[in-house]
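Peer 1: Kindly generate the corresponding structure for this input.
(4 chains)
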2 protein chains.
Amino acid sequence: MHGATLGPVPKPDVDPTVSLDLRVDRSSPVPLYFQLSQQLEAAIEHGTLTPGSLLGNEIELAARLGLSRPTVRQAIQSLVDKGLLVRRRGVGTQVVHSQVKRPLELSSLYDDLEAAGQRPATRVLVNTVLPASAGVAAALGVPEGGDVHRIERLRLAHGEPMAYLVNHLPLGLLDLDSGQLEATGLYRMMRSAGITLHSARQSIGARAATAAEAERLGEPEGAPLLTMQRTTYDDTGRAVEFGDHTYRPTRYSFEFQLLVRP
Amino acid sequence: MHGATLGPVPKPDVDPTVSLDLRVDRSSPVPLYFQLSQQLEAAIEHGTLTPGSLLGNEIELAARLGLSRPTVRQAIQSLVDKGLLVRRRGVGTQVVHSQVKRPLELSSLYDDLEAAGQRPATRVLVNTVLPASAGVAAALGVPEGGDVHRIERLRLAHGEPMAYLVNHLPLGLLDLDSGQLEATGLYRMMRSAGITLHSARQSIGARAATAAEAERLGEPEGAPLLTMQRTTYDDTGRAVEFGDHTYRPTRYSFEFQLLVRP
DNA sequence: TCAATGCAAATGTCCGGACAATCGGACTAC
DNA sequence: GTAGTCCGATTGTCCGGACATTTGCATTGA
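Peer 2: This is a model prediction of the structure:
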């Protein structure tokens, strides 16, 4: 035994990334790890990297791309965080057996409907400023009786009422133009106003419709309704929105995917 | 202008981590970054690090602890991922203005109730093996008509029915002992069987109770019910569980916090 | 007085290397 | 034949440094 190892039998399953046309543009301002992670994600999405396939070790991948291992690891890690990849020490990195698509974002009903091709419509029923009730004040962290925005909207899909949305917002954050509210979603307006959403506390429940609710949504009185209350915070911890929504359960349900943080 | 800068005025707000008794044990098998992140998290939880306070720069923090900057960054990053900290380039790292507690795990009803001090009780009504219906087969990825486990449970809190849980599982994964099912939760049993949960697809809705459902939960017929369907996958992508649950909305609602991934 | 410029501070990105821990299979010994 | 052992492969952890980018503030200039 003096050299020439007889043969670590060549692995039957080849590294699928070799056939992939991976490359990074060092002159781009986009971070290298991000370029790589996007290309890998696209390959997974496109099916070029098949579920269950091994990714080939980080060292060699780094060498082939002319990157350092930490950079490659950062790219891979971001996809692991998204639930697209799984790492196993001593084994390798595998593409997760699909099923994972959207790991639950802070969803906007408007965006959800639009993504589903439902062409949402909004009717702004109320858009005013009034003193905060105790519950609203507590949720938004403003003094009770202090002025807040209140908007009430009816959201329709295919001409049918789908949800009744009541929202309260602190003053001074946003210019709440009714026309804009009907043309887009509240979250989109907040984001374009420079508010960086950070987290939200949600509560989902059900109850029987009151006469007024039934009337608004076109349901019989006493019909089951799906309810959601949400307080949204920006990255400074300020509450920027408090919503109290009711949905027609025959037309809408909450669908989401969640990941187990390891 | 040749040297001696007149004086960068000392910052009025001192770095709150200096008063913190941070230290790492290099002989421990616990990773250094993890030791640090745990101590920081405890300090935030305990209120020693107050919301909004700056954390002091990474370089100096690393030097004080005798760690490298990448290690300190890894610790901080894990807390940023949890939503406890916010980084701003050119500014520093701040403790988020609280509100964030649980960023939504793949929750087990049993664990939730126990954590809320409700002392949950479970009554196993059905625990059998039968051919999979079309819906169950599709959810679990097994052939239609192939055998699967089916368990039906009634979950009570304070002696009152709270939820009716129907679950289907593929054969051979788990030893489904009824006694154990009543003493603990299904998820806990799966975890201790070596199954690493990875993700789940959930759907939450509402509907009126049928006569049978109303009977089981002690509600009048036609009462609104909260429903949840969930398929859970392990890290190989296998579906390991399909659940169809109905909850009494007067006794239970889904509460969770979610983070916006930046 | 107010706007433009420059500077310091802090995080973001990237590198190259080193060693440890774990997994799985091959080999060996019984 | 079977169980235990060893070993290669791969990811996990950690280091020390370098430069880029952004932010906020102070200074400067009009």
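Peer 1: could you check the distance from the residue lying closest to A:L130 once chain neighbours are set aside over to B:V24?
Peer 2: Closest residue to A:L130 apart from its sequence neighbours, by CB to CB, 6 or more residues apart in numbering or on different chains: A:R150 at 5.6 Å. Backbone N, C-alpha and C define where each C-beta goes, glycine included. Separation of A:R150 from B:V24 (CB to CB, to the nearest Å) stands at 51 Å.
Peer 1: now swap in A:V142 and tell me
Peer 2: According to CB to CB, A:V142 and B:V24 sit 42 Å apart.
Peer 1: Do me a favour and average the pLDDT over stretch A:95-114.
Peer 2: Computed over stretch A:95-114, the mean pLDDT rounds to 68.
Peer 1: Ends of that stretch, what's the gap?
Peer 2: 29 Å (CA to CA, to the nearest Å).
Peer 1: Does the nearest residue to A:P249 once chain neighbours are set aside have any beta-bridge partners, and if so which?
Peer 2: Distance criterion CB to CB, 6+ apart; nearest residue to A:P249, sequence neighbours excluded, is B:A206 at 3.9 Å. Beta bridges link B:A206 to B:L226, judged by DSSP bridges.
Peer 1: What parts of chain A come near DNA strand D?
Peer 2: By CB under 7 Å from any atom of the strand, the part of chain A that sits against DNA strand D consists of A:8, A:29, A:55-60, A:69-70, A:73, A:87-93.
Peer 1: go again using 6 Å as the cut-off
Peer 2: For chain A, the contact set with DNA strand D under CB under 6 Å from any atom of the strand comprises A:P8, A:P29, A:L55, A:N57, A:E58, A:I59, A:P70, A:R87, A:R89, A:G90, A:G92, A:T93.
Peer 1: Could I have the buried ones of the residues you listed as PyMOL selection syntax?
Peer 2: The PyMOL selection below is limited to those of the residues of chain A next to DNA strand D classed as buried (16 or more other CB atoms under 10 Å in any protein chain shown):
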select buried, chain A and resi 55+58+87+93
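Peer 1: so the residue nearest to A:L130 touches A:V166, yeah?
Peer 2: Yes. At 7.3 Å, A:R150 counts as touching A:V166 under the criterion of CB atoms under 8 Å.
Peer 1: So for stretch A:160-172, mean pLDDT?
Peer 2: The average pLDDT for stretch A:160-172 rounds to 93.
Peer 1: Name the residues of that stretch that are buried.
Peer 2: For stretch A:160-172, a neighbour-count test (16+ other CB under 10 Å) marks A:P161, A:M162, A:A163, A:Y164, A:L165, A:V166, A:N167, A:H168, A:L169, A:P170 as buried.
Peer 1: and if you look at stretch A:202-210?
Peer 2: Those would be A:Q202, A:I204, A:G205, A:A206, A:R207, A:A208, A:A209, for stretch A:202-210 by 16+ other CB under 10 Å.
Peer 1: and A:A214, what is it in contact with?
Peer 2: The contact partners of A:A214, by CB atoms under 8 Å, 6 or more residues apart in numbering or on different chains, come to A:P220, A:E221, A:G222, A:A223.
Peer 1: Report the secondary structure state of it.
Peer 2: Secondary structure, DSSP: H, G, I helix; E, B strand; the rest coil: A:A214 is helix.
Peer 1: Please report how far it lies from chain B.
Peer 2: Note on A:A214: its distance to chain B, by CB to the nearest CB, to the nearest Å, is 12 Å.
Peer 1: which residues touch A:A193?
Peer 2: Contact analysis of A:A193 by CB under 8 Å, 6+ apart lists A:L173, A:L174, A:D175.
Peer 1: Which PyMOL command selects the buried ones in those residues?
Peer 2: In PyMOL, this line selects whichever of those come out buried by 16+ other CB under 10 Å:
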select buried, chain A and resi 173+174
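Peer 1: which among the contacts of A:A193 gets closest to chain B?
Peer 2: Set against chain B, the nearest of the contacts of A:A193 by CB to the nearest CB is A:L173 (15.5 Å).
Peer 1: May I ask which of the buried residues of stretch A:202-210 comes out lowest in pLDDT?
Peer 2: Note: of the buried residues of stretch A:202-210, the lowest pLDDT belongs to A:Q202, at 89.
Peer 1: Tell me which residue of the stretch 51-200 of chain A lies closest to DNA strand D.
Peer 2: Taking CB to the nearest atom of the strand as the measure, the point where the stretch 51-200 of chain A comes nearest DNA strand D is A:N57, at 3.1 Å.
Peer 1: Excluding chain neighbours, what is closest to that residue?
Peer 2: A:N57 sits nearest to A:G92 (CB to CB, 6+ apart), 6.5 Å away.
Peer 1: low-scoring stretches of the stretch 101-250 of chain A, by residue?
Peer 2: For the stretch 101-250 of chain A, the stretches flagged by pLDDT under 70 are A:101-110, A:113.
Peer 1: What are the boundaries of the strands in it?
Peer 2: Listed in chain order, the strands of the stretch 101-250 of chain A (DSSP state E, counting those that start in this stretch) span residues A:120-131, A:147-157, A:160-170, A:197-208, A:224-234, A:239-247.
Peer 1: Parallel or antiparallel, which strands does the first one pair with?
Peer 2: Sheet pairing here is set by DSSP bridges, and for strand A:120-131 it gives strand A:147-157 (antiparallel).
Peer 1: ok now the strand it pairs with, how far from the chain's centre?
Peer 2: Between the centre of strand A:147-157 and the centre of its chain there are 22 Å (CA atoms, centre = their mean, to the nearest Å).
Peer 1: for stretch A:125-142, same thing?
Peer 2: With CA atoms, centre = their mean as the basis, stretch A:125-142 stands 27 Å off its chain's centre.
Peer 1: Tell me the span between the first and last residue of that stretch.
Peer 2: With CA to CA as the measure, stretch A:125-142 spans 24 Å from end to end.
Peer 1: Let me see the residues that make contact with it.
Peer 2: Stretch A:125-142 is contacted from outside by A:143-154, A:168-171, A:176, A:178, A:181, A:231, A:238-239, A:242, using CB under 8 Å, 6+ apart.
Peer 1: Surely A:L84 and A:I44 touch.
Peer 2: Yes. Judged on CB under 8 Å, A:L84 makes contact with A:I44 at a distance of 5.6 Å.
Peer 1: residues shared between the contacts of the two?
Peer 2: Residues within reach of A:L84 and of A:I44 at once, by CB under 8 Å, 6+ apart, are A:V95.
Peer 1: The host helix or strand of A:Q257 close to chain B?
Peer 2: According to DSSP states H and E, A:Q257 maps onto strand A:254-259. Yes. Strand A:254-259 is in contact with chain B by CB under 8 Å from any CB of the partner chain, via A:F254, A:E255, A:F256, A:Q257, A:L258, A:L259.
Peer 1: Just among those residues, which is most surrounded?
Peer 2: Within the residues of strand A:254-259 next to chain B, A:L258 tops the neighbour count with 23 neighbours, counted by other CB atoms under 10 Å in any protein chain shown.
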